[in-house]
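[1] predicted coordinates and the sequence they were generated for:
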Amino acid sequence: MPPRLPPSILPWLRPRSLARAALPLRLLRQLPLAQLAHRSLSTSRPARAGPTNFGGAPQREAQPDDIDIQTYHRLSDQVMDSLTEILEELLEEGGWEGDLACEVEYSSAVLTLNMGSEGIYVINKQPPNKQIWLSSPKSGPKRYDYSPKLHTWVNNRDGSTLESLLDAELGAITGKEVRVGQGWVDEES
């Protein structure tokens, strides 16, 4: 018969409690390891699909070291210049419901898209990581690595591409079909 758990620990072992707080160290010391070994503890987070590495995070398709720094700058500059141009055209066209007070600004490798009451998008280059980072008022922060296989910028956590996320979110805000990925294809690959 396994040893009984102290009553003060039982509420902490319920799966919903684990999602909210960590087990205090003083209670953890009272816990026999055999009791933890046979319990399957879960949180409210869904399991990720795909192959995983030791830490549980999905394996990355492309590592930042897969491209050299000059290639990274060429590819990321293409994206930032193309995005700036396409977003400026989109805002000049206007015509969507409510015509939000919007503006685009690109300076020092940081693209800021202010969509008025809908929020502010910030897209910037991260040369040390060879990534493009996006901060979205709708979906939060995301990091994108260049995929030589797909010739685009891919979020290795959920597999989404930078252009697909922007197309969907900006399309929902403007009520128009948005295609920001034009001009991103790398002609030299």
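    Cool, got the structure. Numbers count the residues shown, from 1 in each chain.

[2] show the contacting residues for L91.
    102-104 (Cβ atoms under 8 Å, 6 or more residues apart in numbering). (Glycine included, C-beta is placed from N, CA and C.)

[3] pretty sure D81 is in a helix, no?
    Yes. Per DSSP: H, G, I helix; E, B strand; the rest coil, D81 lies within a helix segment.

[4] how many other residues sit next to it?
    Using other Cβ atoms under 10 Å, D81 has 13 neighbouring residues.

[5] where's it relative to Y121, distance?
    Counting by Cβ to Cβ, to the nearest Å, the gap from D81 to Y121 is 16 Å.

[6] got it, and G159?
    Look at G159 and Y121: by Cβ to Cβ, they are 20 Å apart.

[7] more neighbours: which of the two?
    Per other Cβ under 10 Å, whichever of G159 and Y121 has more neighbours is Y121, with 22 against 12.

[8] who's that one bridged to?
    In this entry, Y121 is beta-bridged to L113, by DSSP bridges.

[9] show me what contacts it?
    Listed by Cβ under 8 Å, 6+ apart, the contact set of Y121 reads 111-113, 115, 134-137, 166.

[10] ranking the residues you listed by neighbours, who comes first?
    L113 (25 neighbours).

[11] what sits against M115?
    Under the criterion of Cβ under 8 Å, 6+ apart, the contact list for M115 reads 100, 102, 121, 137, 170, 173.

[12] which non-adjacent residue is nearest it?
    Excluding its sequence neighbours, the residue lying closest to M115 (Cβ to Cβ, 6 or more residues apart in numbering) is C102, at 5.3 Å.

[13] okay, helices next: where are they in this protein?
    If DSSP state H is used as the criterion, the helices of the chain fall at 15-20, 25-28, 33-37, 69-93, 162-174.

[14] now the angle from the fourth one to helix 162-174?
    Taking axes from the mean of the first three to the mean of the last three Cα atoms, to 10 degrees, one finds helix 69-93 and helix 162-174 inclined to each other by 20 degrees.

[15] tell me the buried residues in helix 69-93?
    For helix 69-93, a neighbour-count test (16 or more other Cβ atoms under 10 Å) marks 71-72, 75-76, 79-80, 82-84, 86-87, 90-91 as buried.

[16] now the residues you listed as CSV including distance to T152?
    Shown next, in CSV, are the buried residues of helix 69-93 (distance: Cβ to Cβ, whole Å):
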residue, distance to T152
T71, 14
Y72, 14
L75, 10
S76, 12
V79, 9
M80, 14
S82, 12
L83, 13
T84, 18
I86, 15
L87, 17
L90, 19
L91, 23
